[in-house]
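J.: When you get a sec, could you give me coordinates for this:
(one chain, ligands or ions: 2)
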Amino acid sequence: MIWHRPKKPVSVRIEEFCYGGAIATLHVKRMNCYEKLWLMPTLALSRAAAVLIYKIASAALSDYNAYMIRYKHALALNPYFGDSTALIGVFPPTGLEYIAASIKDLGGKVTLLDLRHEKAYQDPRALSQFIRNEIDLLCVSIRWQSRFEEVCDFVSQLPPEVCTIVGGYKATEEVESLFNHCPNIDMIVRGEGEDIIKQVVTGVPYKDILGLSYRENGGVVHNEIAPLPDITRIPFPDRSLRKHNYCLLKHGVRLSTHTFDTLLTTRGCPFKCKFCTFSLNPLGQKRNYTERPVESVIEELKTIAADVVLISDDNLFTNPNRSEQLCDLIIENKIKKIFIAQTRIDIAKHPRVLDKAEKAGFKVFLIGVESPHDWILKQLQKGFTQQQARDAFAVLTQYDFYLHGYFIYGNIGETEEEMLYIPKFAKEIKLDSITFQKLRVERFSPLKEVVEETPGYYYNRIGGSVYSDHYGRKELRQIRNRIRSEFYDRPQVIHIIRKAWRIGLVTGPDLMDAFLRLPLLMYGLARRKAREKR
Ligand code: B12
Ligand code: SF4
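T.: Ligands and ions are numbered 1, 2, ... in the order given. Here you go, the predicted structure:
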């Protein structure tokens, strides 16, 4: 047999097995469909001989598959850039790095381009030129509602002749509209993509790949939902592909000397807060809570160069015993980092874990408080009361952690007065900073029904923001501005800077540097404001 390196991904597999023989087929991908180019019938005189031949052929071909190059050069593309995403420039595109890690041993070269750092390739013509010259597999990650339209326009301008696969949270939510908007997209991987992308690049026929949507005969085929990957055995995200450090940028101005990275130690969340779709993937599948072995987390941590690490788990302290073990191992291994973690207030019940977390370098906790009102906390099924939140913060504020709280306003039945209690309450419980979001419902959000059944309430199909006859977009924007200005008054801003400096989140040189760059920052802000006005 003479095999040649194909220009496009190919697959070899046993197509059929029947009494008397097996047929192996070579599939070659041309545009959007596989063509059978070559058949290898193996005849056998008896069923036993056929089984034997089938097994030998399977083994030989699957061995061959492992070494076969499905692509010469894959491009993993993070298509987000621009001012409005400046703050998330802090963190690398972790999901895409997981995808790159999954395909990197399956053949050709993998390049990762993060457009936030690639000014030249922010022009789709320049990027297309590069793709035409170099790339035969394009993998794009679409994760957020924000800038969705712009990202679709951008992706649709990339070369249609190159096999294009898209994945990510938002891509999964918007499969049909992405296929409609971008004729060059060949496939969309729905949900967590590590196992699915492997099957695509090793040439498993599309029809057999769970979790894949693809074009066929002018239509789109959606295969069944895929089982969730086992996170105890997937490779670490491939950080070796980065060309840049990730740091705190605002309007192109670097605000800190720290470098940033993310780390996932668990996936999913066992709680069932009614507004939250964190642990629901966009297909409505609940991500069962799964932990990585702490030793593997430490191994990964040792490969991280950045000095600030955001642990992206929905709630790092779901299992306090494991969190304690993790802290012990960080201390034992003398890993010196600043850690940021998302948690529930329940962590306050575990002072031993808090002591160890402080020693291990945990400095920032991002905590879902959601509302100061018991009836709303109940409606959201948050699982605690206002008093319990007060008690928890009485404990947490004894430590030198920077405490950031998340709130939701515009809840069903919530009055303006109740919304405006958020900044007061946040100050009463001594939160250092807060973010507040309008109530949103996504496609499978358990709150969706409640909104639909409540007279006077409705939600936007795009983005899922919830409005009511009393509180429309304009009213909620005004309330948001008031919450912001009442919380972020001058003393609070001074408190934030002092605290960030005291606990080592920013250094003296950072402050000096930020001060010197202030004019640039103001210029960036002014430009953005002018653009928004236009
Ligand atoms: C950590 C996190 C962040 C971090 C980002 C860290 C990072 N590395 O980028 C920070 C704090 C910066 C952040 C910011 C925001 N976030 Co966020 N974030 C998360 C969180 C909790 C975890 C993300 C994560 O790391 N997941 C694990 C990785 C492995 O999964 P993944 O990225 O989805 O990638 C997998 C698949 O999607 C797929 N995949 C992804 N790309 C590709 C590409 C290809 C080719 C393929 C085949 C597959 C594939 O395979 C990957 C591996 O399994 C999720 C909730 C969640 N549990 O997922 C919310 C979430 C993604 N964030 C969300 C939101 C809303 C935001 C903000 C808008 C919040 C805000 N108002 O500021 C901002 C975004 C700002 C912006 N874009 O302008 C929403 C998105 C919902 C939506 N439809 O828009 C989520 C889903 C939470 C939620 N349910 O509300 N976030
Ligand atoms: S809000 Fe937090 S605790 Fe509640 S379900 Fe979502 S991730 Fe879990």
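
J.: switch to C-alpha atoms for all contacts and neighbour counts from now on
T.: Will do.

J.: Helix, strand, or coil at the nearest residue to P229 once chain neighbours are set aside?
T.: Counting by CA to CA, 6 or more residues apart in numbering, D195 is the residue found nearest to P229 once chain neighbours are left out, at 6.4 Å. What DSSP: H, G, I helix; E, B strand; the rest coil gives for D195 is helix.

J.: Now for D195, how many residues are close by?
T.: Counted by other CA atoms under 10 Å, the residues lying close to D195 total 20.

J.: Please tell me I have it right and it contacts P227.
T.: No. At 9.3 Å, D195 does not count as touching P227 under the criterion of CA atoms under 8 Å.

J.: measure A171 to ligand 1 for me?
T.: Distance, A171 to ligand 1, by CA to the nearest ligand atom, to the nearest Å: 8 Å.

J.: Point me to the helix or strand that includes that residue.
T.: According to DSSP states H and E, A171 maps onto helix 169-173.

J.: so after that helix, what's the next helix or strand?
T.: Once the chain leaves helix 169-173, the next helix or strand it forms, by DSSP H and E, is helix 175-181.

J.: Enumerate the positions of that following helix that are buried.
T.: By 16 or more other CA atoms under 10 Å, the buried positions in helix 175-181 come out as V175, L178, F179.

J.: Please apply the same query to stretch 432-442.
T.: D432, S433, I434, F436, K438, L439, R440, V441, E442.

J.: Also stretch 311-319?
T.: For stretch 311-319, by 16+ other CA under 10 Å, it's I311, S312, D313, D314, N315, L316, F317, T318.

J.: The second one contacts G268, doesn't it?
T.: This points to S312. No. At 10.7 Å, S312 does not count as touching G268 under the criterion of CA under 8 Å.

J.: center of this protein - which residue?
T.: G95 (5.4 Å; CA atoms, centre = their mean).

J.: what's the distance between it and ligand 1?
T.: From G95 to ligand 1 the distance is 3 Å (CA to the nearest ligand atom).

J.: just N217 next, same as before
T.: When N217 is compared with ligand 1 (using CA to the nearest ligand atom), they lie 22 Å apart.

J.: and Q437, what is it in contact with?
T.: Y406, F407, I408, Y409 (CA atoms under 8 Å, 6 or more residues apart in numbering).

J.: Tabulate the residues you listed (JSON lines), appending pLDDT, secondary structure and distance to ligand 1.
T.: Output for the contacts of Q437, formatted as JSON lines (pLDDT from 0 to 100; DSSP: H, G, I helix; E, B strand; the rest coil; distance: CA to the nearest ligand atom, whole Å):
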{"residue": "Y406", "pLDDT": "98", "secondary structure": "strand", "distance to ligand 1": "10"}
{"residue": "F407", "pLDDT": "98", "secondary structure": "strand", "distance to ligand 1": "11"}
{"residue": "I408", "pLDDT": "98", "secondary structure": "strand", "distance to ligand 1": "11"}
{"residue": "Y409", "pLDDT": "98", "secondary structure": "strand", "distance to ligand 1": "13"}
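
J.: ok, and the most crowded of those?
T.: Highest neighbour count within the contacts of Q437, by other CA under 10 Å: Y409, with 25 neighbours.

J.: where's L310, which helix or strand?
T.: Using DSSP H and E, L310 maps to strand 308-311.

J.: who does that strand pair up with?
T.: Sheet pairing for strand 308-311, assigned by DSSP bridges, gives strand 253-263 (parallel), strand 338-343 (parallel).

J.: Averaging pLDDT over each of these, report the lowest-scoring one.
T.: Of all the strands paired with strand 308-311, mean pLDDT reaches its minimum on strand 253-263 (a mean of 87).

J.: Give the other helices and strands that the helix or strand following that one contacts.
T.: Reading on from strand 253-263 to the C-terminus, the next helix or strand found by DSSP H and E is strand 266-267. Here strand 266-267 touches strand 290-291, going by 3 or more CA pairs under 8 Å, 6 or more residues apart in numbering; DSSP states H and E.

J.: which helices and strands sit right next to the strand it packs on?
T.: In this structure, strand 290-291 makes packing contacts with strand 266-267, judged by 3+ CA pairs under 8 Å, 6+ apart.

J.: and stretch 193-209, how far apart are its ends?
T.: By CA to CA, to the nearest Å, the extent of stretch 193-209 from end to end equals 11 Å.

J.: Any stretches of the stretch 51-200 of the chain with poor pLDDT?
T.: 51-70, 83-88 (pLDDT under 70).

J.: Repeat the analysis, applying 50 as the threshold.
T.: 62-69 (pLDDT under 50).

J.: would you list every one of the strands in the stretch 351-500 of the chain?
T.: 362-370, 402-409, 433-438, 457-459, 466-468 (DSSP state E, counting those that start in this stretch).

J.: With ligand 2 in mind, check whether stretch 346-354 reaches it.
T.: No. Figure legend: stretch 346-354 not in contact with ligand 2 (CA under 6 Å from any ligand atom); closest approach 9.8 Å.

J.: ok now that stretch, how far from the chain's centre?
T.: Relative to the centre of its chain, stretch 346-354 is centred 28 Å away, using CA atoms, centre = their mean, to the nearest Å.

J.: Likewise for stretch 185-205?
T.: Taking mean C-alpha positions (CA atoms, centre = their mean), stretch 185-205 and its chain are 17 Å apart.

J.: likewise stretch 98-114?
T.: For stretch 98-114, the distance to the chain centre is 17 Å (CA atoms, centre = their mean).

J.: Any chance you could list what contacts that stretch?
T.: Counting by CA under 8 Å, 6+ apart, residues outside stretch 98-114 touching it are 66-80, 93, 193-195, 197-198, 201-202, 234-238, 241-242.

J.: Contacting ligand 1 as well, which ones from these?
T.: Intersecting the contacts of stretch 98-114 with the contacts of ligand 1 gives P93, G193, E194, I197 (criterion: CA under 6 Å from any ligand atom).

J.: what does this structure put close to ligand 2?
T.: C269, F271, K272, C273, C276, F278, D314.

J.: Considering the residues you listed, which is situated nearest to R344?
T.: R344 lies nearest to D314 out of the residues of the chain next to ligand 2, by CA to CA, at 9.3 Å.

J.: which ones are touching the closest one?
T.: Contact analysis of D314 by CA under 8 Å, 6+ apart lists T266, R267, G268, C269, F278, S279, Q342, T343.

J.: Highest neighbour count among the residues you listed?
T.: When neighbours are taken as other CA under 10 Å, the top entry among those is T266 (23 neighbours).

J.: Dig out what it forms beta bridges with.
T.: The partner residues for T266, given DSSP bridges, come to E291.

J.: With I188 instead?
T.: Beta bridges link I188 to V166, S213, judged by DSSP bridges.

J.: before we move on, the earlier item: just curious, which of the buried residues of stretch 311-319 is nearest to ligand 1?
T.: S312 (4.3 Å; CA to the nearest ligand atom).

J.: Nearest residue to that closest one in space, please, no chain neighbours.
T.: Distances taken as CA to CA, 6+ apart place L264 nearest to S312, at 5.4 Å, with adjacent residues excluded.

J.: count of residues packed around the one you found?
T.: Neighbours of L264 using other CA under 10 Å come to 19.

J.: Please report how far it lies from ligand 1.
T.: 7 Å.

J.: Over to E452?
T.: 19 Å.

J.: what's near enough to touch that residue?
T.: By CA under 8 Å, 6+ apart, the neighbours of E452 are Y458.

J.: and the gap between it and E173?
T.: From E452 to E173 the distance is 20 Å (CA to CA).

J.: ditto for L248
T.: L248 sits at a distance of 29 Å from E173 (criterion: CA to CA).

J.: for I429, same thing?
T.: I429 is 37 Å from E173, by CA to CA.

J.: Many thanks, we can stop here.
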